[in-house]
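Participant: sharing a model prediction with you, sequence too.
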Amino acid sequence: MTPLDRQDLVERDLQSHAKTITELTIRMADYEKAQAVKEVEDEFLEKRLQQIEKKIDAVYRLGWWIFTAFSGSFIALLANFIFKGGFYLGK
């Protein structure tokens, strides 16, 4: 193998490595971009889930207050019924 052939072989090898490094750099940049987008989407999703949890909790509390109000009204109605004589027909 002559020195000229060796130089040609080294240059082709160098070009091949440069091409591989360029492709890997591009792939890495794409990966980093995709990762950044995923992180932003995850943050947005987390915020939405927290809002949904707050709304569900608010509905639960509202339901509890409605149940408490109806229960209190029923107890007051029952107490009024008993104090007024209940089923006493008074003969």
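Facilitator: Received, thanks.
Participant: quick one, what contacts residue 9?
Facilitator: residue 1 (CB atoms under 8 Å, 6 or more residues apart in numbering). In short, each C-beta sits where N, CA and C put it, glycine included.
Participant: helix or strand: which one has it?
Facilitator: helix 3-83 (DSSP states H and E).
Participant: for that helix, give the mean pLDDT please.
Facilitator: For helix 3-83, the mean pLDDT works out to 93.
Participant: for it, the distance to its chain's centre please.
Facilitator: Counting by CA atoms, centre = their mean, to the nearest Å, helix 3-83 is centred 4 Å from the centre of its parent chain.
Participant: one more: stretch 70-86?
Facilitator: For stretch 70-86 - counting by CA atoms, centre = their mean - the centre lies 47 Å from the chain centre.
Participant: go through it and flag the buried ones.
Facilitator: By 16 or more other CB atoms under 10 Å, stretch 70-86 has no buried positions at all.
Participant: return stretch 41-52 as CSV; C-alpha atoms alone will do.
Facilitator: Only the C-alpha atoms of stretch 41-52 are listed here, as CSV (Å, rounded to 0.1, in the frame of the first residue of the first chain):
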residue,chain,number,x,y,z
GLU,A,41,-46.7,18.8,28.0
ASP,A,42,-46.2,17.0,31.3
GLU,A,43,-46.3,20.3,33.2
PHE,A,44,-49.4,21.4,31.4
LEU,A,45,-51.1,18.0,32.0
GLU,A,46,-50.2,18.2,35.7
LYS,A,47,-51.7,21.7,36.0
ARG,A,48,-54.9,20.5,34.2
LEU,A,49,-55.1,17.4,36.5
GLN,A,50,-54.8,19.6,39.6
GLN,A,51,-57.6,21.9,38.3
ILE,A,52,-59.8,18.8,37.7
